[in-house]
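> Provided below are the primary sequence and the corresponding predicted coordinates.
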Amino acid sequence: MTYGRCKDCREAVESVLKGKILPREVIVVDDHPSKIFTYDDSPMVKVVHTLREIGVSACRNIAIKLSKGDVIAFLDDDVVVDENWACEILNCFKEKPEIGVVFGKIKPLYLAPLPKWWNEKIFSWVISVNMAAGANFAVRKNIFENFGYFREELGIIKGKRFNLEDLEFKKRVKKVSKVFFCEKAIVYHKVPPHRLSRRYVLKRCFSEGRGRRILGTYTVKDAIKGICYSLVRLPRFNALCNLVLWLGYFLG
């Protein structure tokens, strides 16, 4: 899906169309009510416009129901894919029939100089790189048909940045199917300057804490241990990030 990032979305679509293997179709669900995305350069690309903002999960569910393929790949609108990306995704499904979900590698594409305090190893999850995340994954369509779609209250919508729909889906699907991480299925995730600010990092930490509470992956005991660890062991800003995260947990 896309939301107001027309230039980025066009670059994402064109990178897919330049791949060594072309998909059967490219579906873009545009969730922005006024800054409308269009793409008329290829009949393979279908753009669907929502009448009102419905959020990431609902947009993905629309695309799933419209898709005709047996494997559905999902990308963020601010990524650029490697030319071998689709090939590597499909190879995983062909070689291992037991796999239901494939997550690909997400590398950062920094659009500004890195601040001195930035540590990619520590903060990579904040910008959704070097991890299994919703910016790059694919699912067999029958998984959705048999076990349900994305939970629509967990995706980004109307200022609520939960980023939980892919994590919750992965957690649910792992009970019935194999989830695989493919290092060779690479996308490059754009990281604009505002995502390299301390303010943005703290906002993401707070949202992460709320998400942990909603998903029930941690307990109050875990939160107390996390707070104590922050106060005793972590450097100043890292400790603040951890404290904000657990504050989000308690307020979630």
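Okay, I see it. Predicted model, so just to flag it, every value in this text is computed and none were measured.

> would you list every one of the helices in the stretch 151-252 of the chain?
165-173, 198-215, 220-233, 236-251 (DSSP state H, counting those that start in this stretch).

> angle of the first one against helix 198-215?
Angle between the axes of helix 165-173 and helix 198-215 is 30 degrees (criterion: axes from the mean of the first three to the mean of the last three CA atoms, to 10 degrees).

> list the buried residues for helix 165-173?
165-170, 173 (16 or more other CB atoms under 10 Å). Yep, even glycine has a C-beta here, placed from its N, CA and C like the rest.

> state the phi and psi torsions of the closest residue in space to residue 172 that isn't next to it in sequence.
Closest residue to residue 172 apart from its sequence neighbours, by CB to CB, 6 or more residues apart in numbering: residue 147 at 6.7 Å. Main-chain dihedrals, residue 147, degrees, to the nearest 10: phi -130, psi 10.

> cool, and the one 5 residues further on?
Note on residue 152: its backbone torsions stand at phi -70, psi -20 [degrees, to the nearest 10].

> again with residue 107
According to degrees, to the nearest 10, residue 107 has phi -100, psi 150.

> contact partners for it?
129-130, 186-189 (CB atoms under 8 Å, 6 or more residues apart in numbering).

> how about the residue nearest to the spatial centre of the chain, secondary structure?
Residue closest to the mean C-alpha point of the chain, counted by CA atoms, centre = their mean, is residue 134 at 2.4 Å. Judged by DSSP: H, G, I helix; E, B strand; the rest coil, the three-state class of residue 134 is coil.

> from residue 185, how far off is it?
14 Å (CB to CB, to the nearest Å).

> that older thread, let me know the closest of the buried residues of helix 165-173 to residue 101.
residue 173 (5.6 Å; CB to CB).

> now do that closest one, the pLDDT please.
Residue 173 is assigned a predicted lDDT (pLDDT) of 88.

> who's in contact with it?
100-101, 139, 143, 147, 179.

> which residue sits closest to residue 192, ignoring its sequence neighbours?
Closest to residue 192 by CB to CB, 6+ apart is residue 111, at 5.1 Å.

> which of the contacts of residue 173 sits closest to residue 8?
Taking these together and measuring to residue 8 by CB to CB, the closest member is residue 139, at 23.2 Å.

> just say helix, strand or coil for that closest one.
Classification of residue 139 using three-state DSSP returns strand.
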